[in-house]
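Q: Could you work out the structure for the sequence below:
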Amino acid sequence: MSGSGRIFDALVRSMPEDARIEDVSVGIFWTYVRTQYGSSLSATAHRWQEDPEGALIPYAGSLCGMLVRDVAPLYDSDSLSARALANAAVGASFRSEDMTGSRYAGRAQALLAEVCAARGPGLRIALVGHFHFADQLVGLGHKLDVFELEGRCQPGDIPCTRFAEFLPLADIVVMTSSTLLTHAVEQILGYCRPDAYRMIVGPTVPLHPVLWAFGLDAVCGNIIHDDAQVSRAVREGGNHKQLTGCAKYNFLTPIKRV
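A: All right, here's what the predicted structure looks like:
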């Protein structure tokens, strides 16, 4: 990993001082924030880990109008719901068109298939989180290591506490963007081999060029094109298939690695 520190802190240093929340929705599955610069989503992560007692979302009822810089410290909250709010607010502080790197027109799954084909058969692939395309990778002859949080492991999964043991073995590492909320993304990147291909996938990842400094090869996220639809669907408990006002975009690193 060429970057140092945390991705989130680098994003906070890069965002406009005057970024201010104009709209916010916290739903069962997603948290949505819009500022005068853009809009963003984060997974509402309390479903994975119980939030502490008390207020789950500080400032609820007065978030609209707040500076994003005043909300950003919630990223270090014990509440994953509060972390999701901070991450979405910071992600909404950038214009999506400022994201650098070449665009890959297909789905993240298709990009991964191309990377696998280029690298040859019998690859060892680490999936941090459960992805629907896992069975397809096994069918192509690749070995999978699937990591999950303690208490959420399914049969055959590896607990995330064993990153140090298995991640250095991987030829390709694909992590869910929710690793930003669990504060695991930098640890994961730190365990990757220098020649490993590294992807982060999901709507929770903010789209900003600072991501490339941390050694990612592909960033697969979402861009919102209909804020009214997304905000309404989030409020009404919509899942990812019901967020028709956004689309998936894949970006490939502009940084050539030796």
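Q: any idea how far residue 248 is from residue 77?
A: 28 Å (C-beta to C-beta, to the nearest Å). Just so you know, the C-beta spots here come from the backbone N, C-alpha and C atoms, and that holds for glycine as well.
Q: And residue 56, by the same measure?
A: Taken as C-beta to C-beta, the span from residue 56 to residue 248 is 28 Å.
Q: Show me where the stretch 1-150 of the chain has its strands.
A: For the stretch 1-150 of the chain, strands defined by DSSP state E, counting those that start in this stretch occupy the ranges 21-26, 30-35, 39-43, 102-104, 124-128, 143-148.
Q: Looking at the ones you listed, spot the one closest to residue 209.
A: For those, the distance to residue 209 is smallest for strand 102-104, at 12.7 Å, taking C-beta to C-beta.
Q: ok, and what's touching that closest one?
A: Strand 102-104 has contacts (C-beta atoms under 8 Å, 6 or more residues apart in numbering) with 110-111, 218, 249-252, 254.
Q: got it, and stretch 148-162?
A: Taking C-beta under 8 Å, 6+ apart as the rule, stretch 148-162 contacts 48-49, 128-130, 145-147, 166, 182, 184.
Q: Any idea how many residues pack against the closest residue to residue 167 other than its chain neighbours?
A: Excluding its sequence neighbours, the residue lying closest to residue 167 (C-beta to C-beta, 6 or more residues apart in numbering) is residue 191, at 3.7 Å. Using other C-beta atoms under 10 Å, the number of residues around residue 191 comes to 19.
Q: which residues does residue 191 contact?
A: Per C-beta under 8 Å, 6+ apart, neighbours of residue 191: 163-164, 167-168.
Q: Can I get the buried ones among those as something I can paste into ChimeraX?
A: Remark: buried members of the contacts of residue 191, expressed as a ChimeraX selection using 16 or more other C-beta atoms under 10 Å:
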select :163,167
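Q: Sketch out the low-pLDDT regions of the stretch 151-258 of the chain for me.
A: Where the stretch 151-258 of the chain drops to pLDDT under 70, the residues are 256-258.
Q: where do the strands sit along it?
A: Counting by DSSP E, counting those that start in this stretch, the strands of the stretch 151-258 of the chain are 158-159, 172-176, 197-201, 218-224, 246-252.
Q: follow-up on the earlier one: with mean pLDDT as extra columns, can I get the strands of the stretch 1-150 of the chain in CSV?
A: As requested, the strands of the stretch 1-150 of the chain are arranged in CSV below (pLDDT from 0 to 100):
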stretch, mean pLDDT
strand 21-26, 97
strand 30-35, 98
strand 39-43, 97
strand 102-104, 94
strand 124-128, 96
strand 143-148, 92
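Q: ok, back up a step: show me which of the contacts of residue 191 is closest to residue 134.
A: Minimum distance to residue 134 across those is 16.7 Å, recorded for residue 167 (C-beta to C-beta).
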